[in-house]
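**Student:** no sequence on hand, only this structure:
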């Protein structure tokens, strides 16, 4: 049996993702997020630490991250 953890996301962000995946073949936000994370982990187009910080800062400014 696998152990799980919980990731908290702002409701507004989840609503945006739900709207985005409405016509996509994903059954849930969780399924979509898993797909995106796995795709990025397998990608050879890695982002730099600086780019990761910039993305995190933008997400915080948009209110998606604390």
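**Tutor:** In hand now; what should we look at? Being a predicted model, the structure only gives us computed values, none of them experimental.
**Student:** got any ranges where this protein has weak pLDDT?
**Tutor:** Counting by pLDDT under 70, the chain shows low-confidence ranges at 66.
**Student:** for it, just list every one of the helices.
**Tutor:** Along the chain, the stretches classed as helices by DSSP state H are 11-20, 29-42, 49-61.
**Student:** now the first one: buried residues?
**Tutor:** Residues of helix 11-20 classed as buried under the neighbour-count rule (16 or more other Cβ atoms under 10 Å) are residue 17. Heads up, the C-betas are built off the backbone N, CA and C, glycines and all.
**Student:** over to the longest one?
**Tutor:** Under the neighbour-count criterion of 16+ other Cβ under 10 Å, helix 29-42 has 29, 32, 33 buried.
**Student:** what does that helix rub up against?
**Tutor:** By Cβ atoms under 8 Å, 6 or more residues apart in numbering, the surrounding residues in contact with helix 29-42 are 9, 14, 17, 18, 21, 24, 26.
**Student:** next, the fifth one: phi, psi?
**Tutor:** In this case it means residue 21. Backbone torsions of residue 21, given as degrees, to the nearest 10, read phi -90, psi 10.
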